[in-house]
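Trainee: turn this into a structure:
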Amino acid sequence: MLKVDCLIVGGGMVGATTALALAELGLKVAVVEAYAPKEFSSEQDFDLRVSAISLGSQQLLNQLGAWQQVENWRACPYKRLGVWENDIAYAEFNSDEIEQPHLGHIVENRLIQLSVWQQLEQNPNVNLLCPEQLVSYSQTKDEVVAELSNSTVTARILIGADGANSQVRTLANIGTTGWDYQQSAMLINVKTELPQQDITWQHFSPTGPVAYLPMPGNNGSLVWYHSRDEIKRLSKLSNVQLTQAITQAFPKRLGGIEVVAKGAFNLTRRHANQYVKGRVILVGDSAHTINPLAGQGVNLGFKDIKALQEVIAKAIGSGENFDSEEVLKRYERSRRADNLLMMSGMDAIYGTFKNKSGPLKLLRNIGVFAAHRAPILKEKALAYACGL
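Mentor: The predicted model follows:
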């Protein structure tokens, strides 16, 4: 029977990074994951699932030795962020305003996961249990006993990093609050005629926003928000037909494009009623899923990791039992309010731009216009969004 300090269920971006962050503290860590990330080749097509990695998240990955490899593979830095509903009320944010070389990078999720896994494979404090799945677990006063599909593991704490439909959260009987947005989003990888790799933008329309995320070379990732029925219809189109639909629905600044790949998902909000229950801890999407409007989801997860690492490091340094519920609750207190603030902020923006009221439309465009010309407000908003 394997005995560790921390058992982490889920070896994706957040779960793997959590494992590396805690292993760096000298803790014995095991990671349960069903599928290992496939190796990288520069000839591979771009994955559909990409993330806008903030400066704060980049700093964490760099601290853990996983960022440089991501950059060596492929990542696209961007300096500018544009937001508008109509051309009169256009707001653009630039990294120069916070004295940074860029605002973030657009990176394929799998490459972040793979780079972190390479670090985990070299770390003597880490056991990668893959392919493996959680079946059940029980808590005692001193430990968690987890039954896996092929083995049994005991640990001082169990961390759920197994996504929005977290099995760990369900088995812990931790409820959630949230709702479905009654909209879906379509992810579309395209080749672009125009070079526009230093900017990511979002255009709000009556049916939902459309967004452009730059990728290395003349490539991009488009995000198209619409009703579920319309996204289902669009998903059935051929790549040529979808290219024509994009040309009609997206702003002219996109230029000519060629659809390469596509996929879709429903929009939901979920927030766990608690992040800590006994020896069980939730991080990332297991604890919170957010409207993807500003691409903050994975960055909130990386903030969770940094907070958990700091809480446990301070407890070890002061001679406390890092696995006591009193210590672990400090992590929840440090993250819950910030996550809720970001979730509510995204909902407010989403709800405001979705409303078709004439007076409200005028007010929100005045707000965007004013924000573009308020340097102090822009600087603070940018620094917060970048995790600085």
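Trainee: tell me the contacts of Asp47?
Mentor: Glu108, Asn109, Arg110, Leu111 (Cβ atoms under 8 Å, 6 or more residues apart in numbering). Quick note: C-beta positions are derived from backbone N, CA and C, even for glycine.
Trainee: what secondary structure does it sit in?
Mentor: coil (DSSP: H, G, I helix; E, B strand; the rest coil).
Trainee: I'd like the numbering to begin with 151 instead of 1 from here.
Mentor: Sure, I'll start numbering at 151, so the last one becomes Asp197.
Trainee: low-confidence regions, the protein specifically.
Mentor: 441-446, 493-538 (pLDDT under 70).
Trainee: and the helices in it?
Mentor: For the chain, the helices defined by DSSP state H cover 163-173, 205-213, 217-223, 259-272, 317-321, 378-385, 389-399, 447-467, 475-504, 508-522, 525-535.
Trainee: just confirm Leu337 contacts Ser371, I think it does.
Mentor: Yes - contact criterion Cβ atoms under 8 Å: Leu337 and Ser371 qualify, at 6.5 Å.
Trainee: ok, for Val294, nearest residue in space, not its chain neighbours?
Mentor: Leu308 (4.4 Å; Cβ to Cβ, 6 or more residues apart in numbering).
Trainee: my bad, should have said Ile338
Mentor: Counting by Cβ to Cβ, 6+ apart, the residue nearest Ile338 is Leu372, at 4.2 Å.
Trainee: could you do Val390 as well?
Mentor: Closest to Val390 by Cβ to Cβ, 6+ apart is Val409, at 7.6 Å.
Trainee: tell me what the residue nearest to Val294 is bridged to.
Mentor: Leu157, Val430 (DSSP bridges).
Trainee: for it, give its distance to Gly162.
Mentor: 17 Å (Cβ to Cβ, to the nearest Å).
Trainee: more neighbours, these two?
Mentor: Leu308 (27 against 23; other Cβ atoms under 10 Å).
Trainee: quick one: residues contacting the more buried one.
Mentor: So Leu308 contacts Cys156, Leu157, Ile158, Val159, Tyr287, Val294, Ala296, Val318, Arg429, Val430, Ile431 (Cβ under 8 Å, 6+ apart).
Trainee: roughly how far does the residue nearest the centre of the chain sit from Val433?
Mentor: Closest to where the C-alpha atoms of the chain average out (Cα atoms, centre = their mean) is Val448, at 1.7 Å. Separation of Val448 from Val433 (Cβ to Cβ): 11 Å.
Trainee: overlap of the contact sets of the two?
Mentor: Joint contacts of Val448 and Val433 (Cβ under 8 Å, 6+ apart) are Val164.
Trainee: hang on, Ser201 packs against Leu261?
Mentor: No - Ser201 is beyond contact range of Leu261, at 10.0 Å (criterion: Cβ under 8 Å).
Trainee: the residue nearest to Ile338 contacts Pro359, correct?
Mentor: No - assessed by Cβ under 8 Å, Leu372 is found out of contact with Pro359, at 11.1 Å.
Trainee: what is the burial count for Glu221?
Mentor: Neighbours around Glu221, by other Cβ under 10 Å: 16.
Trainee: again but with Thr302, I slipped
Mentor: 13.
Trainee: can you tell me the closest non-neighbouring residue to it?
Mentor: Met151 is the one closest to Thr302 (Cβ to Cβ, 6+ apart), at 5.1 Å.
Trainee: for that neighbour, give me its contacts.
Mentor: Counting by Cβ under 8 Å, 6+ apart, Met151 has contacts Ser301, Thr302, Val303, Thr304.
Trainee: ok, what's across the strand from the last one?
Mentor: In this case it means Thr304. Beta-bridge partners of Thr304, as defined by DSSP bridges: Lys153, Val295.
Trainee: got it, and Ala422?
Mentor: Per DSSP bridges, the residues bridged to Ala422 are Thr326.
Trainee: please report the distance of it from Thr168.
Mentor: Distance from Ala422 to Thr168, by Cβ to Cβ: 16 Å.
Trainee: the more surrounded of these two?
Mentor: More neighbours surround Thr168 than the other of Ala422 and Thr168, with 29 against 24 (other Cβ under 10 Å).
Trainee: the more buried one and Ala311 touch, don't they?
Mentor: Yes - the pair Thr168 and Ala311 passes the contact test of Cβ under 8 Å, sitting 5.7 Å apart.
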